[in-house]
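Colleague: Next input, structure requested:
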Amino acid sequence: MAGDRRGWLPCLLGGAVFVVCMAGTTLPTPLYPLYQEKFGFSELTVTVVYAVYAFGVIGVLLLAGNASDTIGRRPTLRWGLAFAAASAVCFLCADALGWLYAGRLLSGLSAGLFTGAATAYVMELAPPGGTARATLVATAANMGGLGCGPLLAGLLAEYAPEPLLLPFAVHLVLVGVSALVLQWLPETVAERRPLSAVRPRKPALPARVRAVFVPAAVASFAGFALFGVFTSVSPAFLARYLHVDNHAVSGLVVALAFFASTAGQVAAGHFGATRSLPLGCAVLFGGLVLLACALYTDQLVFIVLAALVGGTGQGLAFRAALSAVAAASPPDRRAAVISSLFVVAYTGISIPVIGVGLLADPLGLEGAGLVFIACMLVLVASAAAYLLRRTGQRASAGPTP
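Modeller: Numbering: from 1, shown residues only. Coordinates of the predicted model:
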């Protein structure tokens, strides 16, 4: 038993580093109302500041999605931690809106380097035969880290001094500790090349991955779109329409969505990837309906239920998508293919979020949210129908002789 624990220690420590990086990306979420009060910007600006992060992620994934396959996992993650530290410094120095844009962009660069590289690294650090559990560690670290960010910032903002400074100072310390942990972990890429060998690539989709990638990408886009809108505008909705001014409560509501996603990922291990994808879409559909009820009735209970149900659906679909894509990818292209999946996912975070921001002025935040939900309901229903039809076609075709 002790040997088994030692065998899993590098994998778990790699997951902890992943948590720290991803927590930094959502750290500002419950603080946006404070920044709005300080700088006097609109809901559209909030969503654009939020989406700048996604553009940073997508840019890195497209330009250097294969970096860790080329130069190694650890050097890539060191760069990611450096960008995370620089992002924290920007927020610590923020005395104008430009610092927020810079901080979010650097945070996006950090997450872009981490998403594919850290996911592959955590899976490769696992003991032999531990791929399924390592996939759960990687996806749980990703979503759990995203949930820890708003929870930590909300608690510090509500119950500690300097609400716009202390969360980022704490994160900066955690990034430093993570850099020390990373120094101890082994490199898993055997044949490494210099940084000059990293070249921009179109999204990497080897032929044997394509059939698996399409349904995985559709489910990921829908789930991340819900998370994007939920995390960017829910603090303002809670404060303006539900009169919830407690930053800890606001951070907790957002964190619940990410923690529920982790629970959904655990459940996906019991259902299997084939069933979890359409089931995740169905649960995600229910979460969207509950979010519409929250916007229509201004009831806190519905927004909490929307976070729990929608997060669970996203987790079911996302773990199934990631497991299927990783399993179908050749080892030397795995990080690049995973990065391609995240390009689609983060497109879901950015474009719908900005759309809500654009509609918030003429329609109000509630009206803009309802338009978004209507669009996402159509997309999720279409995705579920496609997945079920594809599963039915495979079943009717029977086993390959």
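
Colleague: what about stretch 29-43, average pLDDT?
Modeller: Mean per-residue pLDDT for stretch 29-43: 87.

Colleague: correction: stretch 66-86
Modeller: 90.

Colleague: List the buried residues in that stretch.
Modeller: For stretch 66-86, burial by neighbour count (16 or more other CB atoms under 10 Å) applies to 66-77, 79-86. C-beta here means a position set from N, CA and C on the backbone, and glycine is covered the same way.

Colleague: which intervals of the stretch 251-400 of the chain have sub-threshold pLDDT?
Modeller: Where the stretch 251-400 of the chain drops to pLDDT under 70, the residues are 273, 335, 387, 390-400.

Colleague: Report all helices and strands that the longest helix seen in the chain contacts.
Modeller: Ranked by residue count and defined by DSSP state H, the top helix of the chain is helix 334-397. In terms of contacts (3 or more CB pairs under 8 Å, 6 or more residues apart in numbering; DSSP states H and E), helix 334-397 is packed against helix 43-64, helix 67-71, helix 97-124, helix 207-241, helix 273-297, helix 300-328.

Colleague: could I get these as TSV with distance to Leu256?
Modeller: Formatted as TSV, those follow (distance: least, CB to CB, whole Å):
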stretch	distance to Leu256
helix 43-64	19
helix 67-71	31
helix 97-124	21
helix 207-241	10
helix 273-297	11
helix 300-328	4
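
Colleague: Indicate which one of those helices is closest to Leu180.
Modeller: helix 97-124 (16.4 Å; CB to CB).

Colleague: quick one: the closest one to helix 43-64, angle?
Modeller: 40 degrees (axes from the mean of the first three to the mean of the last three CA atoms, to 10 degrees).

Colleague: list the buried ones in helix 97-124?
Modeller: For helix 97-124, by 16+ other CB under 10 Å, it's 99-124.

Colleague: and that helix, how far from the chain's centre?
Modeller: In this view, helix 97-124 has its centroid 10 Å away from the chain centroid, taken as CA atoms, centre = their mean, to the nearest Å.

Colleague: packing partners for that helix?
Modeller: helix 2-26, helix 32-39, helix 43-64, helix 67-71, helix 73-93, helix 131-159, helix 300-328, helix 334-397.

Colleague: Distance to Ala267 added to those, as CSV?
Modeller: Below are the helices and strands packed on helix 97-124 laid out as CSV (distance: least, CB to CB, whole Å):
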stretch, distance to Ala267
helix 2-26, 19
helix 32-39, 31
helix 43-64, 26
helix 67-71, 29
helix 73-93, 29
helix 131-159, 11
helix 300-328, 6
helix 334-397, 17
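
Colleague: quick one: which of the ones you listed is nearest Phe221?
Modeller: Counting by CB to CB, and looking across all of these, nearest comes helix 334-397 at 3.9 Å.

Colleague: you'd agree Arg240 is up against Glu366?
Modeller: No: Arg240 is beyond contact range of Glu366, at 9.3 Å (criterion: CB atoms under 8 Å).

Colleague: any shared contact partners between those two?
Modeller: Both Arg240 and Glu366 lack any common contact, where contact means CB atoms under 8 Å, 6 or more residues apart in numbering.

Colleague: where's His171 relative to Gly149, distance?
Modeller: 8 Å (CB to CB, to the nearest Å).

Colleague: same thing with Met123?
Modeller: Taking CB to CB, one finds Met123 at 23 Å from Gly149.

Colleague: Any idea how many residues pack against Pro161?
Modeller: Pro161 has 8 neighbouring residues, counting by other CB atoms under 10 Å.

Colleague: Is it part of a helix or strand, or is it coil?
Modeller: Judged by DSSP: H, G, I helix; E, B strand; the rest coil, the three-state class of Pro161 is coil.

Colleague: what's it sitting at in phi/psi?
Modeller: Note on Pro161: its backbone torsions stand at phi -70, psi 170 [degrees, to the nearest 10].
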